[in-house]
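> Okay, here's the prediction I keep looking at, along with the sequence it came from:
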Amino acid sequence: MFLDQKYLFTPGPTPIPNRVNQAMSRPMIGHRVSEFSDLLEDVSTRLKPVFGSKNPVYILAGSGTSALETAVVNTVSEGDHVVCVVAGAFGDRFASICEEYGVNVDRLNIEWGEACTPDKLEDFLKNLSGEPVKAVFATFNETSTGVLNPIHELGEVVKRLTDALYIVDGVSCIGGVPVNMEDDHIDILVTGSQKALMLPPGLAFITFSDQAKKVIEDCQTKRFYLDLNRYIKSYAEQTSTPFTPAISLIAGAKEVCNMFEEEGWDNVIKRHLLLRDMTREGLKAIGLPLLTDDAVASPTVTAVKPQLYCRAGYPKSIESSFFNRRCRRSKEIKRKNHPDRSHGLLHTI
Ligand SMILES: Cc1ncc(COP(=O)(O)O)c(C=O)c1O
């Protein structure tokens, strides 16, 4: 908790710790000097436990969506067949990016507020006809609903039934949940800087398995800035990035690594679980209905449905506009109105 600053009660951007802000305001350095190489290597290596990756974490300048697009354009091409688990707005985004590149997408649509169960994925994959699936895309933490999908169990199904890459959007949870790419069968894991990594928006992080690396090398999709082969080469040959990186944000990421290590990674995870439980209990105590069951509740994002509460005929003391009014009154609190299917009635914190 950073009590010295305004609270942004949104899934992201999240508040920046002062020491991270200070690290980012140090004098600028160039990206073709050894000082930057040391910085990049330090961050790419020390983020490995946070991503549960044995390979370096590559850093691009871009938002979370650029990380999703990077995962798509480096693995699949026009005419390929993929499956996208769509349990909310960000599953839909992965599917839309694939479709934009002419990829054939089979969407496994999940009711908003629910997790994709391994059984659902298994049935879906078994009933697919046509060409083999090249990749299965899933959202680890569906920000629009506050659901944490069972990413390990889904990975087991993918690897048991297909030869597909398992590509995971971790934008709203990496830095707050445990993950081990090898154990969880994840081939590509991406995130952005502005959520559980406590940085400003602007960095995209991506790491991948050896199997995915081969696919990336062979992928024929036209790409330039998002071509991971350029990042792999530049890191291997110069410990740098192919294009000018967001140097200050990477300096901030180093301070985030310091903070994680000082607190201890296990404690970081426990803290997020505690904050989830406190948030959910607090909302329950004031009578606001939560969208998700405790069993699938995200440690990083909580969704409430005040309007449904009102419609269901509950006491006027907590009416539909209660949440909006309280949020507006408290200048310290910013919360997000999500453009969900019920026309902006869902709030994610
Ligand atoms: C799960 C998830 N994926 C992708 C994105 C897109 O990230 P950005 O808005 O940084 O492009 C977000 C943003 O909230 C997200 O929560």
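Arrived safely. Numbering: from 1, shown residues only.
> what's the distance between the residue of the stretch 201-349 of the chain found nearest the ligand and Gly64?
Of all residues in the stretch 201-349 of the chain, Pro201 sits closest to the ligand, at 5.9 Å by CB to the nearest ligand atom. Using the backbone N, CA and C atoms, a C-beta is placed for each residue, glycine as well. Distance of Pro201 to Gly64, computed by CB to CB, to the nearest Å: 8 Å.
> now swap in Gly176 and tell me
Distance from Gly176 to Gly64, by CB to CB: 15 Å.
> can you check Leu165 too?
Leu165 sits 19 Å away from Gly64, going by CB to CB.
> out of everything not next to it in sequence, what's closest to the residue of the stretch 51-200 of the chain found nearest the ligand?
Nearest residue of the stretch 51-200 of the chain to the ligand: Gly64, at 2.5 Å (CB to the nearest ligand atom). Of all residues not flanking Gly64 in the chain, Gly192 sits nearest, at 3.1 Å (CB to CB, 6 or more residues apart in numbering).
> What does that neighbour show for phi and psi?
Taking degrees, to the nearest 10, you get phi -120, psi 170 for the backbone angles of Gly192.
> Report the buried residues of the helix ranked longest in the chain.
When the chain is parsed with DSSP state H, its longest helix is helix 265-285. For helix 265-285, a neighbour-count test (16 or more other CB atoms under 10 Å) marks Val268, Ile269, His272, Arg276, Thr279, Arg280, Leu283 as buried.
> Repeat that for stretch 228-236.
Across stretch 228-236, burial judged by 16+ other CB under 10 Å covers Leu228, Tyr231, Ile232, Ser234, Tyr235.
> so can I have CSV of those showing pLDDT?
CSV is the format used below for the buried residues of stretch 228-236 (pLDDT from 0 to 100):
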residue, pLDDT
Leu228, 98
Tyr231, 98
Ile232, 98
Ser234, 98
Tyr235, 98
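> a markdown table for these, including secondary structure and distance to Thr207?
Listed next are the buried residues of stretch 228-236 as a markdown table, based on DSSP: H, G, I helix; E, B strand; the rest coil; distance: CB to CB, whole Å:
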| residue | secondary structure | distance to Thr207 |
| --- | --- | --- |
| Leu228 | helix | 10 |
| Tyr231 | helix | 11 |
| Ile232 | helix | 11 |
| Ser234 | helix | 16 |
| Tyr235 | helix | 12 |
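> pLDDT at the closest residue to Arg230 other than its chain neighbours, what is it?
Once flanking residues are discounted, Arg230 sits nearest to Pro242: 4.0 Å by CB to CB, 6+ apart. In this model, Pro242 is scored at 98, pLDDT.
> same check, this time on Ala196
Ala196 carries a pLDDT score of 97 in this model.
> With Thr10 instead?
If you check Thr10, the pLDDT there is 80.
> How many residues are close by it?
Around Thr10 there are 21 other residues, counting by other CB atoms under 10 Å.
> Am I right that it is in contact with Ile349?
Yes. Between Thr10 and Ile349 there is a contact under CB atoms under 8 Å: 7.3 Å.
> Tell me how far Val256 lies from Pro27.
Relative to Pro27, Val256 is positioned 20 Å away (CB to CB).
> Which residue comes closest to Ser69 once chain neighbours are left out?
Let me fix one detail, which is that residue 69 is Glu and not Ser. Leaving aside its sequence neighbours, Glu69 sits nearest to Ile97 (CB to CB, 6+ apart; 5.3 Å).
> I figured the residue nearest to Gly64 was touching Gly12, is that so?
Yes. Here Gly192 reaches Gly12: they are 7.4 Å apart, a contact under CB under 8 Å.
> what touches both of these two?
Taking CB atoms under 8 Å, 6 or more residues apart in numbering as the contact rule, Gly192 and Gly12 both touch Val171, Pro201.
> more neighbours, those two?
A direct count of neighbours by other CB under 10 Å for Gly192 and Gly12 places Gly192 higher, at 27 against 22.
> looking at this, Val83 is in a strand?
Yes. According to DSSP: H, G, I helix; E, B strand; the rest coil, Val83 belongs to a strand.
> for the stretch 51-200 of the chain, what are the low-confidence residue spans?
Scanning the stretch 51-200 of the chain for pLDDT under 70 picks out nothing.
> which parts of it sit against the ligand?
Contact residues, the stretch 51-200 of the chain versus the ligand (CB under 6 Å from any ligand atom): Ser63, Gly64, Thr65, Leu68, Phe90, Arg93, Thr139, Thr143, Asp169, Val171, Ser172, Gly192.
> Taking the residues you listed together, which two end up most distant?
Greatest spatial distance in those: Ser63 and Thr139, 15.7 Å, computed using CB to CB.
> Comparing those two, which shows the higher neighbour count?
Legend: neighbour count by other CB under 10 Å for Ser63 and Thr139, higher for Thr139 (32 against 17).
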